[in-house]
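Peer 1: Have a look; sequence and predicted model below, questions after that.
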2 protein chains.
Amino acid sequence: MHDVTHVLIVLFVAYVGAQLGAEVAQRLRMPAVVGEICAGMALGPSGLGWVASGESLDTLAELGAVLLLFSVGLETRASDLRRVGRVATYVGVAGVALPFALGVGWAISARFGTAAAMFVGAAFVATSAGITARVLAELGIVDRLEGRVILGAAVIDDILAMLLLGVVTALLRGGGVNAIGLALVLLQAVAFVAVVLLVGPPAMRRASPYLEAPVNPLSPLTLVLAGCLGLAAAASQIGLAAIIGAFLAGVAAAETSQRHTIELQTRPIMAFLVPFFFVATGTKVVLGHLAGPHAVLTLLLITAIGIIGKLAGCGLGAASLGMRSALVVGVGMVPRGEVGIIVASLGLAAGVFADETYALLIAMSLLTSVVAPPALRALVDRERT
Amino acid sequence: MHDVTHVLIVLFVAYVGAQLGAEVAQRLRMPAVVGEICAGMALGPSGLGWVASGESLDTLAELGAVLLLFSVGLETRASDLRRVGRVATYVGVAGVALPFALGVGWAISARFGTAAAMFVGAAFVATSAGITARVLAELGIVDRLEGRVILGAAVIDDILAMLLLGVVTALLRGGGVNAIGLALVLLQAVAFVAVVLLVGPPAMRRASPYLEAPVNPLSPLTLVLAGCLGLAAAASQIGLAAIIGAFLAGVAAAETSQRHTIELQTRPIMAFLVPFFFVATGTKVVLGHLAGPHAVLTLLLITAIGIIGKLAGCGLGAASLGMRSALVVGVGMVPRGEVGIIVASLGLAAGVFADETYALLIAMSLLTSVVAPPALRALVDRERT
């Protein structure tokens, strides 16, 4: 019985810590994620030592990440993709390519192996659509041209990030194998994403009426969640990250007519599980790795790389909108969040890189998310006066 | 990475199995629980062997049980208790006392030790308010006198069952200690329930406005869930069952003005987690222990004891309503469910009794829940014609 007690105490402390952290962060006009991860750092082994990861917390964290990416997918409508237009596509593609290239470049210069360097690069890629969307809404510019371009580009960004993550994990798995084996693994990764992305949405559009068939009044939700667990398990089984499957399940579920109900009902489940993911992420950061002049300099360097990569990549992609708008789009795409953090967690779990790199990547993600919103606010305010 | 894959596959199979089982059961007009547990039996080690319990599944199951009892508590308003009247109190008390006495009696005659016998007795006690309420609603008699007595008595039944479970787990922990130590442990159990029950609801009534204070729009839910985890951990820490704390947290949360929102938002979380509890419960049933003439006879015997105990106890309690109404009340109180099943799981986990007893108690709970609803329907239909 002692075990159950211990698990419950850890979960209680982690959950309360996450709520306190999120509250403080949001009151300071920072994203909730920042507070939740800082709470994890404070509670973790290198802080107070009250919460250490174990199988129970890790499983809840994994489910939290799965649900989080499911909900990101749910906000990604395949039909929107066709409408976002050329500029958003340029912004999305350039905003993935440049940060990835810069990240890989830094990692190679810091003497990482090829596979590890690509993993590090992947952690530089994904814009947190959630953070940007919230700031845009606060500023009331969601419907302005820049707002639409940013949100459209974020969708393309998410999908490219998933594809990239698939390729990188496949590369990792195939590391050391011959060129043909490697090509097959890559092909499998790309094929999984492509097939689910092509087959899933139309299938779900047709399946909508059947989702209501079961007796269970919550059945559209429960059936879709079963699909999410299934695709996550399938992705994991073929060597991709589980969250890729969850994301694709969300994209497919977004096409059902019960989309809004599912979104609404997913929120309480996320409110219960996602904090465990961010706290667990924080507990794994060894705070010592962020102290000392060398660590601080490295952190500042990779944060600068992270910011410049997105700013330049997305700004160039949006150049046709004019200098000022391109700047707004570039800054709006800077915040990293969930996906980059999950990529870093995957890298740590797979032993691709050491504690130090993990701590730096998490801190970099947090810093970009803390820095970008006030910059965006300042830019838009200056424009208005 | 393999571990994550394995956990996701197990969770996927368990979740899909639970949904299939619930669907089949409900189509056959049986409670969903029956189908979910049967799915667990089929998938478990003594069935197909696709789902075996491990820390991840167990933790999700534990959280499912915690949420389930939280929601039972949420339906239990302290203020209702004062209104249910004398008859419901008699029904509740007699309906707990007699099944407990009969259960203990059977267990002692079957050569169980004192502590184990009391645990077995406790598994005979709790009526599943959910199953009865659903049948009453289907028959359209929730508002009839018998319906109100049954639902009122079910509330008292739940609280007495929790108190009894507290005493029994305390007894178990104090087993072999001297009389004073034992008395202290018992006192602690009763004091925990009494204090939380007296302090919690008024405190939550006053706390209602503050639940909206945090930035997080889901904060009433998340704060109350944190309280639920905290009380579950506290109950577990002092040697009681975690679900007792969760139940009391629910009773306290029922007094907030956000009660309905919390209830609504708890449902999707339950829809995700509770099936894992019932499937896990089913997987632990060794099917072999339910086969063979001896096992079947024992099962029929304890099911008869379970039915007669409730029927007679509750019927006597409702005698003042007249023969026919007393019978309706008695039959309405027969279905056991969640709580009895959780008590049996706790007994198995604590090593109080062996696999055989666990299998029999689970099967007994299921049988009472399968038998009572049609009997209740038949009774009410005959009355109408």
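Peer 2: Yes, it's here.
Peer 1: quick one: low-confidence ranges for the stretch 1-150 of chain A?
Peer 2: When residues are selected by pLDDT under 70, those of the stretch 1-150 of chain A lie in A:1-2, A:78-84, A:129-131, A:133-134, A:138, A:142-143.
Peer 1: now do 50
Peer 2: Counting by pLDDT under 50, the stretch 1-150 of chain A shows low-confidence ranges at A:1-2.
Peer 1: Which residues of it lie near chain B?
Peer 2: By the rule C-beta under 8 Å from any C-beta of the partner chain, the part of the stretch 1-150 of chain A lying against chain B is A:1, A:4-5, A:7-9, A:11-12, A:15-16, A:19, A:22-23, A:26-27, A:32, A:55-56, A:59-60, A:62-63, A:66. For every residue, glycine as well, the C-beta is placed using N, CA and C.
Peer 1: Which members of these are classed as buried?
Peer 2: Buried residues within the residues of the stretch 1-150 of chain A next to chain B, defined by neighbour count using 16 or more other C-beta atoms under 10 Å in any protein chain shown: A:1, A:4-5, A:7-9, A:11-12, A:15-16, A:19, A:22-23, A:26, A:32, A:56, A:59-60, A:62-63, A:66.
Peer 1: Mind checking which of these are in strands?
Peer 2: Filtering those for membership in strands, criterion DSSP state E, returns an empty set.
Peer 1: Is chain B within reach of stretch A:352-367?
Peer 2: No - counting by C-beta under 8 Å from any C-beta, chain B has no neighbours in stretch A:352-367; the shortest distance is 10.9 Å.
Peer 1: and that stretch, how far out from the chain's middle?
Peer 2: Per C-alpha atoms, centre = their mean, to the nearest Å, the displacement of stretch A:352-367 from the mean C-alpha position of its chain is 14 Å.
Peer 1: Next, the buried residues of that stretch.
Peer 2: Counting neighbours by 16+ other C-beta under 10 Å, one finds that the buried residues in stretch A:352-367 are A:352-353, A:357-367.
Peer 1: So which of these is the closest to residue A:377?
Peer 2: Ranking those by separation from residue A:377, with C-beta to C-beta as the measure, puts residue A:367 on top at 16.8 Å.
Peer 1: Check which helices and strands whichever strand or helix holds that closest one sits against.
Peer 2: Assigned by DSSP states H and E, residue A:367 belongs to helix A:355-384. For helix A:355-384, the helices and strands in contact under the criterion 3 or more C-beta pairs under 8 Å, 6 or more residues apart in numbering or on different chains; DSSP states H and E are helix A:32-43, helix A:114-123, helix A:129-139, helix A:293-317, helix A:323-332, helix A:338-349.
Peer 1: how about a cut-off of 7 Å?
Peer 2: helix A:32-43, helix A:129-139, helix A:293-317, helix A:323-332, helix A:338-349 (3 or more C-beta pairs under 7 Å, 6 or more residues apart in numbering or on different chains; DSSP states H and E).
Peer 1: Quick one: distance of it to the chain centre.
Peer 2: On the basis of C-alpha atoms, centre = their mean, helix A:355-384 sits 15 Å off its chain's mean C-alpha point.
Peer 1: Sounds good, over and out.
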